[in-house]
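Chemist: Give the three-dimensional model of this entry:
(2 chains)
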Protein chains: 2
Amino acid sequence: MKIERVDFFYLRMPEVLDIGDGSQDALLVRVQAAGLEGWGECEASPLTSLAAYICPMSHSACKPVRYAVEGMELNSAADIYKIKQKVHEHCFDLLQADHTYSGIDIALWDLLGKAQQEPVYHLLGYKKTYPKMPYASQLFGITPQETYLKAKESRSQGYAAVKFGWGPIGKGTVAQDVAQFQAAREGLGKDAYLMVDIGTYWGENVQEAQKRLQALKDVQVYWLEEPFANLALTPYRALAVSLPKVALAAGEGCNNYVQAEAMISYGGLQFIQIDTGRIGGISAAKRVCDLSQTKGIKYVNHTFTSHLALSASLQPFIGIEPDFICEYPVEPKDLATSITKNKIERDQEGLIHLTESHGLGVEIDTKRLAKYLVDVEIKIEGKAFYHSSSF
Amino acid sequence: MKIERVDFFYLRMPEVLDIGDGSQDALLVRVQAAGLEGWGECEASPLTSLAAYICPMSHSACKPVRYAVEGMELNSAADIYKIKQKVHEHCFDLLQADHTYSGIDIALWDLLGKAQQEPVYHLLGYKKTYPKMPYASQLFGITPQETYLKAKESRSQGYAAVKFGWGPIGKGTVAQDVAQFQAAREGLGKDAYLMVDIGTYWGENVQEAQKRLQALKDVQVYWLEEPFANLALTPYRALAVSLPKVALAAGEGCNNYVQAEAMISYGGLQFIQIDTGRIGGISAAKRVCDLSQTKGIKYVNHTFTSHLALSASLQPFIGIEPDFICEYPVEPKDLATSITKNKIERDQEGLIHLTESHGLGVEIDTKRLAKYLVDVEIKIEGKAFYHSSSF
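Modeler: You can find the predicted model right below:
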């Protein structure tokens, strides 16, 4: 089949707040071919990603992403890799292109799965799927007491793994952070998995991280996430070999395979965290997962929005039994919840599974989403250049 | 002084061709404060970079670049680093932000230099400047004979260093490439510097590169440029230790300091090539230059457009005497030539110099540029959201 049409849909909550909640807007992609449609989601600035899709060509290595997609053949996984390669060749001077292509790539796999009546993970080579243990992501409380209560609440909701991050952590004294770590552990109890996320706050400052290692070890964190800027390999490596040893997790900022490979090979990570909506979609994510297995480290998804994004982020590692932990959107905004009619719900043991439904196995609720749709119109030299589609 | 106004100007040739010539369009930035103005240039997709400047906020780590710039104080170099840090914190999930900020950062240094009546390189800590030897960048000819003639022509124009790249190279047989390398060397004569640029064509394929090493050594290339994708550290490192030894150059694709640091520390490069219009401006470029000196490798600018971009790209390493070679736009389109009234011309020995003029030392020719200005209008929800400025 031939790709007939690609549409982007910019969705937004009536009010977008200056908080660490990435589910306040969304950029969906719909790809149509042969009477079928595939859906994907970019975890990226909607207007900017849209611009990368339609922008006028600057030169042979800075073309709009659409040149590499529209009208292309789509009959096999190899065709998707061909499109991906074409995007790279056309767009390697167009920085945003990877974020834009991510949603397209996800939609292409969904579409191919529907056409071939297979779940995407079959197309990726997985014969069997394994359950994943979702972890709840939480902001640290302003006080340790608040963190303690949040931890207890997550446990009472049935989460056996909880990640705390952002908020005050890393910004005050070591003693303040230690009190927070201890409160989180106390609230969770000793058996739950506890992860701590610094959100790159320390930049390249290894000392700030080292000062907290003993306390992190004492509360038995499963991983310490993003202490430094993405690709700050030397700081990551220095911390990875510091004592006491604490496992490091990072990678959500990678926008292509070679960046993730650099983080794995030179950053000393124990966990590589990949957002399929940023790294170039399912194609790049699966390749990173394959590498993680040969390197003996664990693959984890990075997902904070919809169950479309969740399904897309689980496919690349759903066949890897030992990499059992996964990120799960716990309290997304109504917009993100509205994206799919069906959900990937936790079972009685608190685990999640992918079904054998074709493609990504989620159905998009365009009717419910209509109210969040943002109309975008671009004129160049006074002439209509782009007008966003309706569902 | 306080930053009062920031304007972007999208310039474009009447016709933009699908060729490796990045001077066919441009995105200029003008920053105004206290009756002065500074100018910068993004080496990036204009519409996409513009979108990153104005896009609606998505969440606390995905805000429009303008939030970190407009209204900020600008009285010292420290203020620029503060703005840069703020952009990072606001925009680390907005991929295009680094390309957008690059032009702003350049304009901030220009403005600060004018306000303090100093050339930018003084503000960067250089007391003395050194001449640079510009190299001419050429596409390989379709045939070795054509390459030979191009090489002779460059020499007759007084260039003592010439880079050939792209075109057929790397895509055919080894024998075909060897004939091209030899033709280039023959045309240049034995004393000129010859560089070869693969333009990332081999992706991650080390073998393709290794097959050409002996021939590259035989024609005494000064460097082999971008054999692989940016940040493909493992292939770069593998090639760097392959025999016969050929010096590797890369880095133009880096969009921040830590990426360049990764290329330097783990990629085995002998030359780090930085485009100030992409890496986050003069601030990031200078930091990379400082690192290159402690690592014992050479810093080279990457510049193919205007003399505004050229001045901005020379400032970070103009005080480093041994790193004497520089890229120089040889045949840019009229648009790029029109950007500055004055030019950084070669002297009788074919060398170029920066003057002691304040800021970047170039004057923008807005009158001549007016005909290339592209009018851009964006509406969101039917309401005016952005309309490009006139000069």
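
Chemist: and the closest residue to residue A:303 other than its chain neighbours, helix, strand or coil?
Modeler: Of all residues not flanking residue A:303 in the chain, residue A:313 sits nearest, at 4.4 Å (CB to CB, 6 or more residues apart in numbering or on different chains). For the C-beta atoms, the positions are set from N, CA and C on the backbone; glycine is no exception. Under DSSP: H, G, I helix; E, B strand; the rest coil, the three-state class of residue A:313 is helix.

Chemist: buried set for stretch A:19-39?
Modeler: With burial defined by 16 or more other CB atoms under 10 Å in any protein chain shown, the residues of stretch A:19-39 counted as buried are A:20-33, A:36-39.

Chemist: Inside helices: which ones of the residues you listed?
Modeler: The helices, defined by DSSP state H, take in nothing from the buried residues of stretch A:19-39.

Chemist: residues near the residue nearest to residue A:303, how many?
Modeler: By other CB atoms under 10 Å in any protein chain shown, the residues close to residue A:313 number 30.

Chemist: same deal with residue A:237?
Modeler: Residue A:237: 18 surrounding residues under other CB under 10 Å.

Chemist: surely it meets residue A:264?
Modeler: No: Residue A:237 is not in contact with residue A:264 according to CB atoms under 8 Å; the separation is 11.6 Å.

Chemist: Among the buried residues of stretch A:19-39, name the ones in strands.
Modeler: Applying DSSP state E to these, the entries found in strands are A:25-33, A:36-39.

Chemist: How about the contacts made by residue A:88?
Modeler: The neighbours of residue A:88, taking CB atoms under 8 Å, 6 or more residues apart in numbering or on different chains as the test, are A:256, B:229.

Chemist: what's the helix or strand for it?
Modeler: Using DSSP states H and E, residue A:88 falls within helix A:77-91.

Chemist: for that helix, which positions count as buried?
Modeler: A:77, A:79, A:80, A:83, A:84, A:86, A:87, A:88, A:89, A:90, A:91.

Chemist: Tell me the helix or strand right after it.
Modeler: Later in the chain than helix A:77-91, the nearest helix or strand by DSSP H and E is helix A:97-116.

Chemist: That next one packs against which elements?
Modeler: Applying 3 or more CB pairs under 8 Å, 6 or more residues apart in numbering or on different chains; DSSP states H and E, we find helix A:97-116 packed against strand A:5-12, strand A:25-33, strand A:36-42, helix A:46-54, helix A:77-91, helix A:120-123, helix A:281-295, helix A:307-314.

Chemist: Is chain B within reach of stretch A:316-328?
Modeler: No: applying CB under 8 Å from any CB of the partner chain, one finds stretch A:316-328 out of contact with chain B, separated by at least 15.3 Å.

Chemist: Give me the distance between the two termini of that stretch.
Modeler: Start-to-end span of stretch A:316-328 (CA to CA, to the nearest Å) is 15 Å.

Chemist: Would you mark the buried spots in that stretch?
Modeler: Buried, per 16+ other CB under 10 Å, within stretch A:316-328: A:316, A:317, A:318, A:319, A:320, A:323, A:325, A:326, A:327, A:328.

Chemist: Likewise for stretch A:328-336?
Modeler: Across stretch A:328-336, burial judged by 16+ other CB under 10 Å covers A:328, A:329, A:330, A:332, A:333, A:335, A:336.

Chemist: ok, the second one to residue A:43 distance?
Modeler: Applying CB to CB, to the nearest Å, the value for residue A:329 to residue A:43 is 11 Å.

Chemist: got the residues of the stretch 251-391 of chain A near chain B?
Modeler: Counting by CB under 8 Å from any CB, the residues of the stretch 251-391 of chain A close to chain B are A:253, A:255-256, A:258-259, A:261-262, A:265-266, A:278, A:374-382.

Chemist: out of the residues you listed, which are buried?
Modeler: Judged by 16+ other CB under 10 Å, buried ones among those: A:253, A:255-256, A:258-259, A:261-262, A:265-266, A:278, A:374, A:376-380.

Chemist: just the strands in the stretch 101-250 of chain A please.
Modeler: Here the stretch 101-250 of chain A has its strands, by DSSP state E, counting those that start in this stretch, at A:133-139, A:161-165, A:193-197, A:223-225, A:248-250.

Chemist: what about the third one, near chain B?
Modeler: No: remark: strand A:193-197 sits outside contact range of chain B, by CB under 8 Å from any CB, the gap being at least 12.3 Å.

Chemist: Name the surrounding residues that touch that strand.
Modeler: By CB under 8 Å, 6+ apart, the residues outside strand A:193-197 that reach it are A:133, A:135, A:137, A:160-166, A:169, A:181, A:184-185, A:188, A:216, A:219-226, A:249, A:325.

Chemist: Let me see the mean pLDDT of it.
Modeler: Across strand A:193-197, the average pLDDT comes to 97.

Chemist: Tell me which strands it pairs with, and in which orientation.
Modeler: strand A:161-165 (parallel), strand A:223-225 (parallel) (DSSP bridges).

Chemist: Show me which residues of the stretch 1-150 of chain A sit near chain B.
Modeler: Within reach of chain B by CB under 8 Å from any CB, the stretch 1-150 of chain A has these residues: A:12, A:16-22, A:24-25, A:43-48, A:50-52, A:54-63, A:88, A:92-96, A:98-99.

Chemist: Could you rerun that using 6 Å?
Modeler: Within the stretch 1-150 of chain A, the positions adjacent to chain B are A:16, A:18-22, A:24-25, A:45, A:47-48, A:51-52, A:55, A:57-60, A:62, A:94-96, A:99 by CB under 6 Å from any CB of the partner chain.
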